[in-house]
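Peer 1: Predicted structure and sequence below. I'll ask about it afterward.
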Amino acid sequence: MTLSDDIYLERRDAAKNMARFYVLSIEPTLFGDVRLRRHWGRIGTRGQVKLHDFAKPEEAAALFARVLRAKRRRGYGEA
């Protein structure tokens with residue numbers, strides 16, 4: 001995992017009228033730390049954003065991997 005890596009995931013189910021996206025990215029901050037950005041919502045909307053700041057890139061990468069595993073278990077896949 002390197003800085004500014006990102007993954008775009010989608011989950012679609014026509015029977016449930018579901019079309020969602022989820023984006024995970026690791027970015028550097030202006031202060032030398034790293035940030036995990038989680039951006040999600042219905043496809044075609046602005047969605048929501050949650051930011052997690054970390055002092056070490058390894059901590060951000062660990063949360064990135066945990067959230068990615070959880071989303072894939074729930075049916076999200078790379079588009």
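Peer 2: That came through fine.

Peer 1: Can you tell me the centre-most residue of this structure?
Peer 2: Leu24 (2.0 Å; Cα atoms, centre = their mean).

Peer 1: can you confirm it is in a strand?
Peer 2: Yes - checked against DSSP: H, G, I helix; E, B strand; the rest coil, Leu24 lies within a strand.

Peer 1: so it makes contact with Arg38?
Peer 2: Yes - Leu24 is within contact range of Arg38, at 6.1 Å (criterion: Cβ atoms under 8 Å). Just so you know, the C-beta spots here come from the backbone N, C-alpha and C atoms, and that holds for glycine as well.

Peer 1: What are the boundaries of the strands in this protein?
Peer 2: 6-13, 18-28, 34-42, 48-54, 77-78 (DSSP state E).

Peer 1: got JSON lines for those strands, with mean pLDDT too?
Peer 2: Shown next, in JSON lines, are those (pLDDT from 0 to 100):
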{"stretch": "strand 6-13", "mean pLDDT": "96"}
{"stretch": "strand 18-28", "mean pLDDT": "96"}
{"stretch": "strand 34-42", "mean pLDDT": "97"}
{"stretch": "strand 48-54", "mean pLDDT": "97"}
{"stretch": "strand 77-78", "mean pLDDT": "94"}
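
Peer 1: Just give me the neighbour total for Lys71.
Peer 2: Lys71: 19 surrounding residues under other Cβ atoms under 10 Å.

Peer 1: One more: Asp13?
Peer 2: 10.

Peer 1: cool, Phe21 as well?
Peer 2: Phe21: 19 neighbours (other Cβ under 10 Å).

Peer 1: For it, give me its contacts.
Peer 2: Shown in contact with Phe21 (Cβ atoms under 8 Å, 6 or more residues apart in numbering): 8-11, 39-43, 47, 79.
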